[in-house]
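Participant: give me coordinates for this.
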Amino acid sequence: MSSPATPPPAPNNLKRIVAASLIGTTIEWYDFFLYGSAAALVFNKLFFPGSDPLVGTLLSFLTYAIGFAARPVGALVFGHFGDRLGRKKLLVISLLMMGGATFCIGLLPTHAAVGSAAPVLLTALRLVQGFALGGEWGGAVLLVSEHGDAKRRGFWASWGPQTGAPAGQLLATGVLSALTALLSDSAFLAWGWRIPFLLSGLLVMVGLWVRLSVDESPVFKAALAKAAARTSEDPVERMPLVAVFRDHWRDVLVAMGARMAENISYYVITAFVLVYATTHAGLGKQTALNAVLIGSAVHFAVIPAWGALSDRIGRKPVYLLGAAGVGLWAFPFFMLIDHENFGSLVLAITVGLIFHGAMYAPQAAFFSEMFSTRMRYSGASIGAQFASVAAGAPAPLIATALLKDYGSSTPISLYVVCAAVVTLVAVLLAKETRGRDLAAVEPERERTAGPAPAVTAASAPR
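Facilitator: The predicted structure follows:
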């Protein structure tokens, strides 16, 4: 028999939790996206000199992709301990690791100073970034999802960790755009690029102060107490990772498939676009950064709206709309950029990010609702981060290679369309999760107990 639903926190407390999740996640994504923008604009010259410009960019994006390879490892480690020790402790550790690595990148010597040691050190710090982010997303998502109630979970979960991504992109791009406007190209290349990385040290102190002020998830604390009271005949799961692959392997595969179009389209729209606009369309670096800045601001604004819509009509319809949208927009996206003017570039990026938001907004609630409390951190993190290795990691790399080999955007558009098809199939095969009570229902028992009951207006906690 299911336990009673955990009552939702007071509105002010929930808002504080969402703010803490948003600020911390914004800082971590700022660090991660800052690397992507720098890889497109300056790392090819500083750490991989002497190459053809596009070859240097490919090598630069290769170190960018390595960070994604570390994300599944981070998901496994942080998920395991997050399901056993709590969400809050692991989120503090991930923030310190990410901020420390980013700050150290700002201190790195370049290839001109230390030769091949420079890209090796850069790659090592990128691995630390990826490891930290692999554990960040799942914990931030659960901290909000497990504090809120079922009726508005899509909205609140989209506000916390999901808007942190465009906010981090906005902050990273804004700082780079301001520096490129204020400094000459030579000054930016010589020392100006270091400033945004060093700024991370200050931002991490702010994020740490905020994160330490919030409480552990009540759903997790209730599950921990329940596990402590179990008898030897009903033992607690000692290895959440094992339980995830035993009881939730279908959900993990669905989550991975759902992320393909979301992840690939995002890094094509925000990272690769800097390469395409500056090297193929002949637009300036400042122009490209400003266009991403505007698109990210709109992205930030629409994500909560998509999250709220998922509370009304379901996670799947909103997600499917976004996947179909990015697939259909793949060809107009590059056609608009080829017009070689700022307005067309802004339109291409903004519309692409609006469709992306329809996938990204319900994702936090959708993935959280797939897994039971004592393996939710592991399940959500594994499903999300394993997909990033095949999706977001190689996306700018593949797009740059296709542009180099074919000199055309058509193969890149087809690449995005294929990703959209994979996501459409995965989401169509998923169960609708809207309304699931995270405290009262153990999703892995559905095969014997039937589908989880939705929380209706009459049964929802008040």
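Participant: what about the residue lying closest to Leu108 once chain neighbours are set aside, how many residues nearby?
Facilitator: Once flanking residues are discounted, Leu108 sits nearest to Leu121: 5.6 Å by CB to CB, 6 or more residues apart in numbering. Any C-beta I mention is one placed from the backbone N, CA and C, and that applies to glycine too. By other CB atoms under 10 Å, the residues close to Leu121 number 17.
Participant: can you start the count at 427 instead of 1 from here on
Facilitator: Understood, numbering begins at 427; the last thing we discussed is Leu547.
Participant: leaving out sequence neighbours, find the closest residue to Val819.
Facilitator: No, residue 819 isn't Val; it's Ala. Phe494 (3.0 Å).
Participant: quick one: contacts for the one you found?
Facilitator: Gly556, Ser814, Val815, Gly818, Ala819, Pro820 (CB atoms under 8 Å, 6 or more residues apart in numbering).
Participant: and Val815, how many residues sit next to it?
Facilitator: If we define neighbours as other CB under 10 Å, then Val815 has 18 of them.
Participant: isn't it up against Gly500?
Facilitator: No: if you go by CB atoms under 8 Å, Val815 and Gly500 don't touch, sitting 11.6 Å apart.
Participant: which helix or which strand is home to Gln555?
Facilitator: Take DSSP states H and E as the rule and Gln555 turns out to sit in helix 543-571.
Participant: pLDDT-wise, what's the bottom of the contacts of Phe494?
Facilitator: pLDDT across these is at its lowest for Ala819, which sits at 79.
Participant: tell me, how many residues neighbour that one?
Facilitator: So Ala819, with other CB under 10 Å, has 25 neighbours.
Participant: Trp455 too?
Facilitator: 25.
Participant: Three-state assignment for it, please.
Facilitator: Judged by DSSP: H, G, I helix; E, B strand; the rest coil, the three-state class of Trp455 is helix.
Participant: my guess is it meets Gln588, correct?
Facilitator: No: using CB under 8 Å as the test, Trp455 is too far from Gln588 to be in contact (10.3 Å).
Participant: thinking again about what came up before, helices - which of the contacts of Phe494 land there?
Facilitator: Gly556, Ser814, Val815 (DSSP state H).
Participant: could you list the low-pLDDT ranges of the stretch 477-626 of the chain?
Facilitator: 477-480, 482, 574 (pLDDT under 70).
Participant: go again with 80.
Facilitator: 477-491, 493-494, 508-513, 563-564, 567-569, 571-576, 586-587 (pLDDT under 80).
Participant: burial of Ser834, as a residue count?
Facilitator: 12.
Participant: next, it: phi, psi?
Facilitator: phi -140, psi 150 (degrees, to the nearest 10).
Participant: do Ala496 as well
Facilitator: The phi/psi pair for Ala496 (degrees, to the nearest 10) is phi -80, psi -20.
Participant: in contact with it, which residues are there?
Facilitator: Counted by CB under 8 Å, 6+ apart, Ala496 has contacts Arg552, Leu553, Val554, Gln555, Gly556, Phe557, Gly560.
Participant: for Val744, same thing?
Facilitator: Contacts of Val744 (CB under 8 Å, 6+ apart): Trp732, Leu735, Ser736, Ala784, Ala787, Pro788.
Participant: looking at these, which is nearest Leu629?
Facilitator: Here the nearest of the contacts of Val744 to Leu629, counting by CB to CB, is Ala787; it sits at 24.4 Å.
Participant: secondary structure class for that closest one?
Facilitator: helix.
Participant: tally of neighbours for it?
Facilitator: 31.
Participant: coming back round to it: what helix or strand does the residue nearest to Ala819 sit in?
Facilitator: helix 479-511.
Participant: can you spell out which helices and strands pack onto the next helix or strand after that helix?
Facilitator: Per DSSP H and E, helix 479-511 leads on to helix 513-531 as the next helix or strand towards the C-terminus. The contact analysis (3 or more CB pairs under 8 Å, 6 or more residues apart in numbering; DSSP states H and E) places helix 513-531 against helix 437-467, helix 479-511, helix 543-571, helix 620-637.
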